[in-house]
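In: only the shape, not the letters, is given here:
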């Protein structure tokens, strides 16, 4: 898809970065990354391996990683972002916008990002992630017009309000899930993917009402503020009870902290030619050299682990999307050869 210039938007200027401020943000885009797997302690497992994959020629959406050093300064500073961090985040965001030709908050062609945790050691499911950040009452309409897919846009918006409400605003996820279940029952939808666009609009209105009733404040509409709150929330997820208990049981240090990776979204929920999955380069139970995993069509990553739909074996992808499957085989072989060990891989397909 050709990239188009987007109009400038006003954004609050961050204070100038101190000359003494550490390098808190490491950028990656267009086949180049500032980090590598050697920087695991600084960039976390996710951040350093994203950089390593880019250096190997694996297609990864552009973005930037905020270091564990920033988390340490956040913790010692009373859970406030350290001086210089926000300026570096805005610099990284501007470079990300330039790399994809989109702009966060643009009402016509909005950039949406994910905000992901990543400690140096794997802590599966213990910390938080925010998807589809950048959506608001204006950008959702722009996304619908741009993609010519109204259902997709409103599905992303309801997902964002749910995750952001849970992770950043502290609202029990089950309250949002109940609203979704009520909508599915009312419309006769068998799965989330069957809920029609008009019903999703009503669901978004209900979710925003829940946020207002619970917090006393309307759902945040400024994408820059959404990003700031999401980064803080991912930092804070290191202190969540389940994460603390996991580290205690597995004898991991409480002082490591987490990095935060901000990436351009790739959408697995754009229709039947999109999807998401998890796979292993070998059978994880036996070690047999057999491509093993599962995927969902028209879904985002959280759907695979949530167990709300029955996934298909990754081998079925060869029939559905043969070219995509061939690429996945190439990339999984390249990764296993490089790391000399079995690899587990998360993947998303957008209009494959």
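Out: Structure's in. What do you need? This one's a predicted model, so the numbers in the text were calculated from it and none came from an experiment.
In: how about the contacts made by the closest residue to residue 206 other than its chain neighbours?
Out: Residue nearest to residue 206 in three dimensions, not counting chain neighbours: residue 179, with 5.0 Å by CB to CB, 6 or more residues apart in numbering. For glycine as for every other residue, the C-beta is placed from the backbone atoms N, C-alpha and C. By CB atoms under 8 Å, 6 or more residues apart in numbering, the residues touching residue 179 are 203, 206, 207, 210.
In: show me the contacts for the first one.
Out: Applying CB under 8 Å, 6+ apart, one finds that residue 203 lies in contact with 154, 158, 179, 180, 183, 195.
In: coming back round to it: next, the buried residues of the helix or strand containing the residue nearest to residue 206.
Out: Following DSSP states H and E, the helix or strand that holds residue 179 is helix 173-187. Counting neighbours by 16 or more other CB atoms under 10 Å, one finds that the buried residues in helix 173-187 are 175, 176, 179, 180, 183, 184, 187.
In: which member of those is positioned nearest residue 330?
Out: residue 180 (37.2 Å; CB to CB).
In: with pLDDT as added columns, please give the contacts of residue 179 in JSON lines.
Out: Formatted as JSON lines, the contacts of residue 179 follow (pLDDT from 0 to 100):
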{"residue": "203", "pLDDT": "98"}
{"residue": "206", "pLDDT": "98"}
{"residue": "207", "pLDDT": "98"}
{"residue": "210", "pLDDT": "98"}
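In: the helices in the stretch 151-300 of the chain, which residues?
Out: In the stretch 151-300 of the chain, the segments counted as helices under DSSP state H, counting those that start in this stretch are 173-187, 197-215, 223-236, 241-250.
In: out of those helices, which is closest to residue 272?
Out: helix 197-215 (16.2 Å).
In: quick check: buried residues in that closest one?
Out: 199, 200, 201, 202, 203, 204, 206, 207, 208, 210, 211.
In: so the residue nearest to residue 206 versus residue 158, what's the distance?
Out: 9 Å (CB to CB, to the nearest Å).
In: joint contacts of those two?
Out: With contacts defined as CB under 8 Å, 6+ apart, the residues adjacent to both residue 179 and residue 158 are 203, 207.
In: hmm, back to that, quick check, nearest of the buried residues of helix 197-215 to residue 112?
Out: Nearest to residue 112 among the buried residues of helix 197-215, with distances taken as CB to CB, is residue 204, at 15.3 Å.
In: that closest one reaches residue 162, doesn't it?
Out: No: using CB atoms under 8 Å, residue 204 is not in contact with residue 162, being 9.9 Å away.
In: sorry, back to before: so the helix holding residue 179 versus helix 197-215, what angle?
Out: Counting by axes from the mean of the first three to the mean of the last three CA atoms, to 10 degrees, helix 173-187 lies at 150 degrees to helix 197-215.
In: roughly how far is helix 173-187 from the heart of the chain?
Out: 23 Å (CA atoms, centre = their mean, to the nearest Å).
In: average model confidence for that helix?
Out: For helix 173-187, the mean pLDDT works out to 97.
In: any chance of the backbone angles for the residue nearest the centre of the chain?
Out: The centre of the chain sits closest to residue 114, judged by CA atoms, centre = their mean, with a distance of 3.0 Å. Residue 114 adopts backbone torsions of phi -110, psi 150, taken as degrees, to the nearest 10.
In: run through the bridge partners of it.
Out: According to DSSP bridges, the residues that bridge with residue 114 are residue 263.
In: can you start the count at 51 instead of 1 from here on
Out: Let's use 51 as the start, then, which means that last one is residue 164.
In: of the buried residues of helix 247-265, which is the nearest to residue 94?
Out: Nearest to residue 94 among the buried residues of helix 247-265, counting by CB to CB, is residue 261 at 29.6 Å.
In: nearest spatial neighbour of the closest one, chain-adjacent residues omitted?
Out: Spatial nearest neighbour of residue 261, chain neighbours left out: residue 269 (4.6 Å); criterion: CB to CB, 6+ apart.
In: near that neighbour, how many other residues are there?
Out: Counted with other CB atoms under 10 Å, the neighbours of residue 269 add up to 21.
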